[in-house]
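**Q** Would you be able to build a 3D model of this:
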Amino acid sequence: MSTRTTSRSMGFLSAPPAAPRVPDQQVSALYRKYRFSAFMGIFIGYAGFYLIRNNVSLVSAIFKEHGLMTATGIGIVANAVLFAYGLSKFFMAMLSDRANARYFMPLGLALSAVMNLLIAFVPVLSASVGVFAVMMFLNGWFQGMGWPPSGRVLVHWFSTNERGWKTSIWNCAHNVGGAGVGIAAAFALDEWAAGPADWTPAFWFPAVIALVVALVAFLLIRDRPEAVGLPTIEEYRNDPAKVTSEKESMPWREMLVKHVLTNRVIVLLAVTNVFVYTLRYGVLNWIPVYLTQEIHGTNVKDGLLGFAIYEFAGIVGTLLCGWVSDKVFKGWRSGAGLLFIGGVGIALAAYWLLPPSAPIGVFYLLIAIIGGLIYGPVMMIGLQAIDLSPRNVAGTAAGFTGLFGYLLGASLASTGVGLLIDHFGWSVTYVCLLCVVVLAMILMWIVGRDERRLMEQHASTQAEGHGE
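**A** Below you'll find the predicted structure:
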């Protein structure tokens, strides 16, 4: 079955055909208009997904205080979302690469919003942990329809030498959405909760906002330049892709196997992502515990503040890493990844070796440095996946790396690190995390060699184009 045939079988979700080319004098103006529109569509749309991703954590205190759910039950429900999201990010990406991003992303957001509305308004769906977990699993599955179409838009509307900076800006959408859900849920609970045990406004109000966001995203997003009569981004910016797209006649399954499942670079990126996610959550999840248990004079609020500092610093680090990869390393993403992961290792060692009697401000500074540095590689690996694969499987490649990060990396960071702390203490735990840093750097260096070779071919293609 060819890619073109498979695309038709998706019905209204199918990627639109190329439109007749617009006159040359209109190309620049239309490119500026649609690039901005498409980017804002995926930024606002992706922020919308975070309004309704895992609102269980926001109301966990209500569940526990009023005996609605045990801590174990809350964990089961919350993990159902992450597990489903990790799977869906890969499997939905395989559909997204052949679908119209303008329809695919808003549809996923709307379906996720519907799941949250059902949870809030149909009491039987939240009456038992098992049913609640199933509903949140479905919610997590629809959540997987957010990242892949965003990657598709980024790879089609922004060329290699600008994509790092643009992707880093887009990646901040999850921080915007994450902050927004806290504000929206707090407002809804204060205004519309029927009593202290009523948690439902924290689900239905953000879901209503998400439905509006889905409509806005639909109005703004455009699938790719060719669909609106424009040249490809590589032609428009005279910036050839690192990897050439396959012909439409190649069967989709063959493309999947060749460019994702057996592609050495993509597989190495996926394994690297396991270690990067282990570092991300292995530090983040345990900041409150480490500060309150090990550092003199701290309390629970100090630990929660450290958690917030880590996340906030991630915005700065993500933007910086994207800029560095474009401007300093000239598109060599692995160079920026190595620099930032190495920095994580140094800051992590200092965080561990800092005396417990040191001022809390010093710990906060190191937490900010670790958070700022680790979120760069988190973003960068997804960017490398779409950079180092043909455009027609770019989303699937990025989803494949995400699958490894969420299913394996997040598990190591929670269960694995927890076991290390319980049985061997903090010193052994930090030694193991530093070993993870070394492994991540080795794998990133191996990927970097292949990426450098592709960049040399990329430069040679550009030179030949200028020569003509």
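
**Q** What does the residue most central in space within the chain show for phi and psi?
**A** The centre of the chain sits closest to Trp147, judged by C-alpha atoms, centre = their mean, with a distance of 6.3 Å. When read as degrees, to the nearest 10, the backbone of Trp147 gives phi -70, psi -50.

**Q** Contacts made by stretch 394-406 with the rest, please.
**A** If you take C-beta atoms under 8 Å, 6 or more residues apart in numbering as the criterion, stretch 394-406 is touched by 82-83, 85-87, 89-94, 96-97, 144, 147-149, 151-152, 155, 256, 259-261, 263, 266, 269-271, 273-274, 276-277, 378, 381-382, 385-386, 388-389. (C-beta placed from N, C-alpha, C; glycine too.)

**Q** one step back: thought the residue nearest to the centre of the chain was touching Tyr50?
**A** No. Trp147 is beyond contact range of Tyr50, at 11.4 Å (criterion: C-beta atoms under 8 Å).

**Q** From the contacts of stretch 394-406, which land in helices?
**A** Among the contacts of stretch 394-406, the residues falling in helices (DSSP state H) are 82-83, 85-87, 89-94, 96, 147-149, 151-152, 155, 256, 266, 269-271, 273-274, 276-277, 378, 381-382, 385-386.

**Q** Just checking the distance from the top helix by length along the chain to the centre of its chain.
**A** Scanning the chain for the helix with the most residues, using DSSP H, yields helix 417-467. With C-alpha atoms, centre = their mean, to the nearest Å as the basis, helix 417-467 stands 18 Å off its chain's centre.

**Q** For it, enumerate the helices and strands it packs against.
**A** Of the remaining helices and strands, those touching helix 417-467 by 3 or more C-beta pairs under 8 Å, 6 or more residues apart in numbering; DSSP states H and E are helix 264-284, helix 287-294, helix 333-353, helix 360-387.

**Q** and with 6 Å instead?
**A** Here helix 417-467 touches helix 264-284, helix 333-353, going by 3 or more C-beta pairs under 6 Å, 6 or more residues apart in numbering; DSSP states H and E.

**Q** Let's see the PyMOL selection covering just the buried ones among the ones in helices among the contacts of stretch 394-406.
**A** In PyMOL, a selection of the buried entries from the ones in helices among the contacts of stretch 394-406 looks like this (16 or more other C-beta atoms under 10 Å):
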select buried, resi 82+83+85+86+87+89+90+92+93+94+96+147+148+149+151+152+155+256+266+269+270+271+273+274+276+277+378+381+382+385+386
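
**Q** if we look at stretch 42-49, which residues are touching it?
**A** Stretch 42-49 is contacted by residues 105, 109, 143, 146, 150, 153, 170, 173, 176-177, 210, 213, 216-217 when judged by C-beta atoms under 6 Å, 6 or more residues apart in numbering.

**Q** and the two most separated of those?
**A** The widest separation within the contacts of stretch 42-49, taken as C-beta to C-beta, falls between Val153 and Ala210 and amounts to 19.0 Å.

**Q** Count the residues that sit near Ile346.
**A** Ile346 has 15 neighbouring residues, counting by other C-beta atoms under 10 Å.

**Q** Out of the contacts of stretch 42-49, which is nearest to Gly337?
**A** For those, the nearest to Gly337 is Trp170 (17.9 Å; C-beta to C-beta).

**Q** How about the secondary structure of the residue lying closest to the closest one once chain neighbours are set aside?
**A** Distances taken as C-beta to C-beta, 6 or more residues apart in numbering place Phe43 nearest to Trp170, at 5.5 Å, with adjacent residues excluded. Judged by DSSP: H, G, I helix; E, B strand; the rest coil, the three-state class of Phe43 is helix.

**Q** From Gly382, how far off is Phe43?
**A** 15 Å (C-beta to C-beta, to the nearest Å).

**Q** can you list the domains in this structure?
**A** Taking automatic domain parsing as the domain assignment, the record places the domains of the chain at 25-236, 254-467.

**Q** Kindly reformat the ones you listed as JSON lines containing mean pLDDT.
**A** Formatted as JSON lines, the domains of the chain follow (pLDDT from 0 to 100):
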{"stretch": "domain 25-236", "mean pLDDT": "91"}
{"stretch": "domain 254-467", "mean pLDDT": "85"}
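
**Q** Please convert the ones you listed to TSV, extending it with distance to Ala19.
**A** Below are the domains of the chain laid out as TSV (distance: least, C-beta to C-beta, whole Å):
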stretch	distance to Ala19
domain 25-236	4
domain 254-467	18
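
**Q** closest one to Met10 among those domains?
**A** domain 25-236 (5.9 Å).

**Q** Distance across the closest one, terminal residue to terminal residue?
**A** 13 Å (C-alpha to C-alpha, to the nearest Å).

**Q** Now find how far off-centre it is within its chain.
**A** In terms of C-alpha atoms, centre = their mean, the centre of domain 25-236 is found 11 Å from the chain centre.

**Q** From here on, call the first residue 38.
**A** Yep, numbering from 38; the last one is domain 62-273 now.

**Q** Now name the helix or strand holding Leu154.
**A** helix 138-158 (DSSP states H and E).

**Q** and that helix, what does it pack onto?
**A** By 3+ C-beta pairs under 6 Å, 6+ apart, helix 138-158 packs against helix 61-87, helix 166-180, helix 184-194, helix 238-257.

**Q** Which strands or helices does the third one pack on?
**A** It stands for helix 184-194. Using 3+ C-beta pairs under 6 Å, 6+ apart: helix 184-194 touches helix 61-87, helix 108-133, helix 138-158, helix 431-441.

**Q** Return the most buried member of the helices and strands packed on helix 454-504.
**A** Stretch with highest mean neighbour count among the helices and strands packed on helix 454-504: helix 301-321 (a mean of 24; mean count of other C-beta atoms under 10 Å).

**Q** what angle do that one and helix 108-133 make?
**A** 150 degrees (axes from the mean of the first three to the mean of the last three C-alpha atoms, to 10 degrees).

**Q** I'd like the contacts of stretch 79-86 written out as TSV, with distance to Ala384 added.
**A** Shown next, in TSV, are the contacts of stretch 79-86 (distance: C-beta to C-beta, whole Å):
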residue	distance to Ala384
Met142	35
Leu146	36
Gln180	31
Gly183	30
Ser187	29
Val190	34
Trp207	26
Ala210	26
Val213	26
Gly214	27
Ala247	36
Val250	36
Val253	39
Ala254	37
